[in-house]
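Visitor: turn this into a model:
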Amino acid sequence: MIKMVDDIIFDARILDLALEVEDHLIISDLHLGYEEALNYQGVMIPKFQYPKIIKRMEEIHSRSDCANIIINGDLKHEFGKINRQEWKETLKFIDYLKERFQKIILIKGNHDPLTPIIAEKTGLEVYPYYSTGNFLVMHGDKIPGKWDEITEQKIIIGHEHPSVGIRSGERMEKVKCFLAGDFRDKKIIVMPSFNFITEGSDVLHEKPLSPFLKEINQNNLEVFGVENFESFYFGKISHLLNVQKEPYPYDSHFIEF
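Guide: Purely as a prediction, here's the structure:
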């Protein structure tokens, strides 16, 4: 049975789609400018994401007293250029954060080859990874070398955009989720995307993107769904896969939304 749970994973606090770690608030994978990129591809959708991001950030900030914020990669969407929407929204978003946080840490993601240009314009730096003290935060698109030299025992990554498919009657919906488990000799937390255009990759049915998840047995990871500032414990991925094999109905196993 899925249930509401305490919002702490490995001493990190789940706060909707963000994590509180020590004095740092962490969000990941905003992909600002995604709508314009889709428009270029012929997928015509309105530019609605930025107001949603700000609304969600306002609510998160009202519940958090962290002095610093970490954007864990993929601040913008386009790889090889900075489109008009990205320029406008990234600069506006960084100004918004500067009014509310003492320090802004940008971590480079795989969509961020040109983010250093934005960072320089706003007086910020882009880091390959960042240590909060007990946690090492990195995007998750590649595993760093010299692993034995990493002293932190807990790793936080993004990149994967994890979600979990849940069934309500005959309907299947995706819910963004955190994943938690072991990676080599350390604990790992995988964050959902702070993106409102897509829910992300279903960890039950889609192959992993991150090399971190490709290396381990995903079935041992625990799943924490998040929906409107509530956290739900789904159990391990292996448990969810077994539940899906059981005969219909599913209502005794899945949240009704």
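Visitor: longest strand in this structure, please.
Guide: strand 171-183 (DSSP state E).
Visitor: what does the helix or strand just after that strand contact?
Guide: Counting by DSSP states H and E, the element after strand 171-183 in chain order, helix or strand, is strand 186-190. With CB atoms under 8 Å, 6 or more residues apart in numbering as the test, strand 186-190 has contacts from 9-10, 12, 19, 140, 150, 152-158, 160, 162, 178-182, 210, 212-213, 221. Any C-beta I mention is one placed from the backbone N, CA and C, and that applies to glycine too.
Visitor: and those residues, which of them are in strands?
Guide: Per DSSP E, those map to strands at 9, 12, 19, 154-157, 162, 178-182.
Visitor: show me which of the contacts of strand 186-190 are buried.
Guide: Among these, the ones that count as buried by 16 or more other CB atoms under 10 Å are 9-10, 12, 19, 140, 150, 152, 154-158, 160, 162, 178-181, 210, 212-213, 221.
Visitor: quick one: the helices in the stretch 1-150 of the chain?
Guide: Ranges of helices in the stretch 1-150 of the chain, per DSSP state H, counting those that start in this stretch, are 34-40, 49-62, 84-98, 115-121.
Visitor: residues of the last one that come out buried?
Guide: In terms of neighbour count (16+ other CB under 10 Å), helix 115-121 has its buried residues at 115, 118-119.
Visitor: and that helix, what does it pack against?
Guide: helix 84-98, strand 126-127 (3 or more CB pairs under 8 Å, 6 or more residues apart in numbering; DSSP states H and E).
Visitor: can you tell me what sits against it?
Guide: By CB under 8 Å, 6+ apart, helix 115-121 touches 75-76, 82, 87, 90-91, 94, 106, 108-109, 125-126.
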